[in-house]
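# need coordinates for the following:
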Amino acid sequence: MGLRSGGVSEDFRKQMLGYGLTTAQILYRMPDHPSLLQTYVWQNYDMFPKFPALKDFLAFWQEKLDGPLHSVTVAHSKLIKPTELRAVDGVFRLH
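Model prediction:
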């Protein structure tokens, strides 16, 4: 979570552009024991409904990793919603 100039994190910038937190539970078959399923949880900021980051990760998985995919369950939530943003007219400081 690096900060850019101006003190705003890249994660916050993504949220302002419409990205939401995406969590995928990936079930895959063990390469040496295909009758056994293993789980992997992936989480990243991604765009609903096309999920380009998740699709890229799954393509990498299928191309480079040995455990064949069984199923993928996806949950997605926008962390910043329009009703949560309000203009601030002033700042009050109490000492």
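
# helices and strands around the top helix by length along the chain, which ones?
Counting by DSSP state H, the longest helix found in the chain is helix 52-64. Helix 52-64 makes packing contacts with strand 20-29, strand 37-46, strand 69-77 when contacts are defined by 3 or more C-beta pairs under 8 Å, 6 or more residues apart in numbering; DSSP states H and E. Quick note: C-beta positions are derived from backbone N, CA and C, even for glycine.

# highest average neighbour count across those?
strand 20-29 (a mean of 17; mean count of other C-beta atoms under 10 Å).

# what pairs with that strand, parallel or antiparallel?
The strands that strand 20-29 pairs with in its sheet are strand 37-46 (antiparallel), strand 69-77 (antiparallel) (by DSSP bridges).

# quick one: contacts of the first one?
So the one you mean is strand 37-46. The contact list for strand 37-46 (C-beta atoms under 8 Å, 6 or more residues apart in numbering) reads 11, 14-15, 19-30, 52-54, 57, 67, 70, 76.

# quick check: angle from that strand to helix 52-64?
Using axes from the mean of the first three to the mean of the last three C-alpha atoms, to 10 degrees, one finds that strand 37-46 and helix 52-64 are set 140 degrees apart in direction.

# helix, strand or coil for the residue lying closest to residue 80 once chain neighbours are set aside?
Spatial nearest neighbour of residue 80, excluding adjacent residues (C-beta to C-beta, 6 or more residues apart in numbering): residue 15 at 4.7 Å. At residue 15, secondary structure determined by DSSP: H, G, I helix; E, B strand; the rest coil is helix.
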